[in-house]
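Visitor: model this:
(4 chains)
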Protein chains: 2
Amino acid sequence: MQEGTILERLRDMVVSGSAPPGELLGEIALAQEFEVSRTPVREALKQLEREGLVEVRPRVGTFVRKPTEREILELFQLKESLEGLAAGLLAQRGEVAELRILRQNVADESAVVEAGDARAYATLVHEFHHTLVTGADNQKLAEHYALLMNQLAYHRIVTQTLALPGRLGASLSEHGRILAAIESKDALAAEFATRNHVAQSRQAATLARIHEHDGGAVPATGDQA
Amino acid sequence: MQEGTILERLRDMVVSGSAPPGELLGEIALAQEFEVSRTPVREALKQLEREGLVEVRPRVGTFVRKPTEREILELFQLKESLEGLAAGLLAQRGEVAELRILRQNVADESAVVEAGDARAYATLVHEFHHTLVTGADNQKLAEHYALLMNQLAYHRIVTQTLALPGRLGASLSEHGRILAAIESKDALAAEFATRNHVAQSRQAATLARIHEHDGGAVPATGDQA
DNA sequence: CCTTGATCTGATGCATACAAGGAATGCTAA
DNA sequence: TTAGCATTCCTTGTATGCATCAGATCAAGG
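Guide: Just a heads-up that it's a prediction; the model follows:
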């Protein structure tokens, strides 16, 4: 079959969207699909419930959960705080491996923005933020952050958001400012540059969702920087 | 028997310390104690593992986990960030029920400090921080915060910390500054007052742990404000 | 036609039996 | 005496059967 544990495969089904929101994740069906018994499937489903990805209705079933607008706002507020913390911590660490990765990452971002490749940029954005959090050298922070990002179905949101006009370049320069603040070992500046970046990203993501609900592609007329 | 679900009862055993670090939480023994089968016990243990309270060694057993010094530092860093976020959000909410609770709480704190009742003050401290987070009106924040606090074995740490000379009064005035910043709807001031308070608390807690390792009660000679 | 009720299906929740592996213990040999 | 090893015990991991209950379906009455 596929790779990875049952938990990972199930989580991927939810995060990637191959199991759409509202869909019933029946223990028996999944057990047959994974060729195991209900017990390990059940354990994995409970874990996903703890991660906020599915909703278990007792005696009824486990369903893929779709975050409400309210929850997305709450998650972005948390994201802002946690990434800000990470940037500040990283700035205090001095010259570490993650810093070099960030430099290379921003350089790569410049290149793909030149080429206008929004999808490649989305991948680099993901790596940038991931490196930021990893570089904070705080395992607990990384764990909490990972929970957040799963619930935000990060890739798709980021990809859609970056399709907004002007957002691509704005995001790049924001990353540049974050890196500069970290380079200068100014923890406070790094924190606030990061928080500002996340806030901007949140606004853009909100717009992207609104446009999506309008029905389909993002329009050419944008009203945000 | 007792009240609450199996999960809550098990968690309480770990957090309260009635099951000391390193102790084996055997599924069979717990199942007999709770008068259920291994299955629900096992589910609860897995949940506690995800909360970071126990460590599951495959094919060996589930053991009560003791946070390392490193982890405690990491958790306090997160606590500082999350409580700061909460205070800032609360400051932006205007006159809400939680704000009135905080006012009453600080007033009560003054009274018990006058009376010199450190134990009663510890309870009020717990309520103050809990109200702060609740008042942020962010469910996800509250959930992540709850995870943190469980791992910190908050009650005991706070109680020990407040026993340090001078810490009682310092904590009270810090709470006062936090409340004042929230009252003035200054989100940034509220955030930093809270972060400063948590940082002070962390330093005091570190001292308390060091003294504890010296062997027993906190000495009368303190070297922190 | 709409509402209301019983029934029936299918899902989870729990209990239990069996399989598999790690750790301690005691035995043997050097 | 001690090092090495086999064995035994005790633990979790998995599979499966039964009990229970939410929700759908269908029929009967207004």
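Visitor: Quick one: mean pLDDT over the helix or strand harbouring A:Arg11.
Guide: If you go by DSSP states H and E, A:Arg11 is part of helix A:6-16. Summarised as a single mean, pLDDT over helix A:6-16 is 94.
Visitor: Report pLDDT for A:Lys140.
Guide: Note for A:Lys140: predicted pLDDT of 97.
Visitor: now for the helix or strand hosting it, which elements pack on it?
Guide: If you go by DSSP H and E, A:Lys140 is part of helix A:139-151. Here helix A:139-151 touches helix A:69-91, helix A:118-135, helix B:69-91, helix B:139-152, going by 3 or more CB pairs under 8 Å, 6 or more residues apart in numbering or on different chains; DSSP states H and E. In this view, the C-beta of every residue, glycine as well, is placed from N, C-alpha and C.
Visitor: how does it look with 10 Å?
Guide: Judged by 3 or more CB pairs under 10 Å, 6 or more residues apart in numbering or on different chains; DSSP states H and E, helix A:139-151 is in contact with helix A:6-16, helix A:69-91, helix A:118-135, helix A:154-162, helix B:69-91, helix B:139-152.
Visitor: Quick check, the residue in chain A closest to DNA strand D?
Guide: Going by CB to the nearest atom of the strand, DNA strand D is nearest to A:Ser37 of chain A, at 2.9 Å.
Visitor: And the closest residue to that residue other than its chain neighbours, how far from B:Arg103?
Guide: Counting by CB to CB, 6 or more residues apart in numbering or on different chains, A:Ala31 is the residue found nearest to A:Ser37 once chain neighbours are left out, at 5.7 Å. For A:Ala31, the distance to B:Arg103 equals 55 Å [CB to CB, to the nearest Å].
Visitor: which residues touch the lowest-mean-pLDDT helix or strand in chain A?
Guide: Using mean pLDDT, DSSP states H and E, helix A:154-162 stands out as the lowest-scoring helix or strand of chain A, at a mean of 73. Applying CB atoms under 10 Å, 6 or more residues apart in numbering or on different chains, the contact partners of helix A:154-162 are A:15-17, A:72, A:76, A:79, A:113, A:118-119, A:121-123, A:125-126, A:129-130, A:148-149, A:152, A:167-168, A:170-171, A:200-209, A:211-212, A:217-218.
Visitor: Is A:Gly22 in contact with A:Val64, as I believe?
Guide: Yes - contact criterion CB atoms under 10 Å: A:Gly22 and A:Val64 qualify, at 6.3 Å.
Visitor: and for those two, which residues touch both?
Guide: Contacts common to A:Gly22 and A:Val64, judged by CB under 10 Å, 6+ apart, are A:Glu55.
Visitor: more neighbours, those two?
Guide: A:Val64 (20 against 10; other CB atoms under 10 Å in any protein chain shown).
Visitor: does the residue nearest to A:Ile6 when sequence neighbours are not counted sit in a helix or strand, and which one?
Guide: Nearest residue to A:Ile6 in three dimensions, chain neighbours excluded: A:Ala44, at 4.8 Å (CB to CB, 6+ apart). Using DSSP H and E, A:Ala44 maps to helix A:38-50.
Visitor: So is the very next helix or strand once past that helix next to DNA strand D?
Guide: Toward the C-terminus, helix A:38-50 is succeeded by strand A:54-57 as the next helix or strand (DSSP H and E). Yes - for strand A:54-57, a contact with DNA strand D is found by CB under 7 Å from any atom of the strand, at A:Arg57.
Visitor: what about the helix or strand that comes right after strand A:54-57 and DNA strand D, any contact?
Guide: Counting by DSSP H and E, the next helix or strand C-terminal to strand A:54-57 is strand A:61-64. No - using CB under 7 Å from any atom of the strand, strand A:61-64 stays clear of DNA strand D, coming no nearer than 8.5 Å.
Visitor: Find me the pLDDT at A:Ala190, would you?
Guide: 98.
Visitor: Just confirm it is within a helix.
Guide: Yes - counting by DSSP: H, G, I helix; E, B strand; the rest coil, A:Ala190 is located in a helix.
Visitor: who's in contact with the closest residue to A:Arg57 other than its chain neighbours?
Guide: Computed as CB to CB, 6+ apart, the closest residue to A:Arg57 that is not its neighbour in sequence is A:Phe63, at 6.9 Å. Contact partners of A:Phe63, counting by CB under 10 Å, 6+ apart, are A:Ala19, A:Pro21, A:Gly22, A:Glu23, A:Leu24, A:Leu25, A:Val54, A:Glu55, A:Val56, A:Arg57.
Visitor: Is there a neighbour count for the closest residue to A:His197 other than its chain neighbours? I'd like the number.
Guide: Nearest residue to A:His197 in three dimensions, chain neighbours excluded: A:Glu174, at 4.1 Å (CB to CB, 6+ apart). A total of 17 residues lie near A:Glu174 under the criterion other CB under 10 Å.
Visitor: Likewise for A:Gly116?
Guide: The tally of other residues near A:Gly116 (other CB under 10 Å) stands at 9.
Visitor: do you know how far the residue of chain A found nearest DNA strand C is from A:Glu33?
Guide: For chain A, the residue closest to DNA strand C is A:Glu27, as judged by CB to the nearest atom of the strand, at 3.6 Å. When CB to CB is applied, the distance between A:Glu27 and A:Glu33 equals 11 Å.
Visitor: Between the two, which contacts overlap?
Guide: Common neighbours of A:Glu27 and A:Glu33, counting by CB under 10 Å, 6+ apart, are A:Val41.
Visitor: got the phi/psi numbers for A:Glu95?
Guide: Backbone geometry at A:Glu95, expressed as degrees, to the nearest 10, gives phi -80, psi 100.
Visitor: what does the model give it for pLDDT?
Guide: As predicted, A:Glu95 sits at a pLDDT of 92.
Visitor: what about it, how many neighbours?
Guide: There are 9 residues near A:Glu95, going by other CB under 10 Å.
Visitor: Confirm for me that it is in contact with A:Glu183.
Guide: Yes - between A:Glu95 and A:Glu183 a contact is recorded at 9.4 Å, counting by CB under 10 Å.
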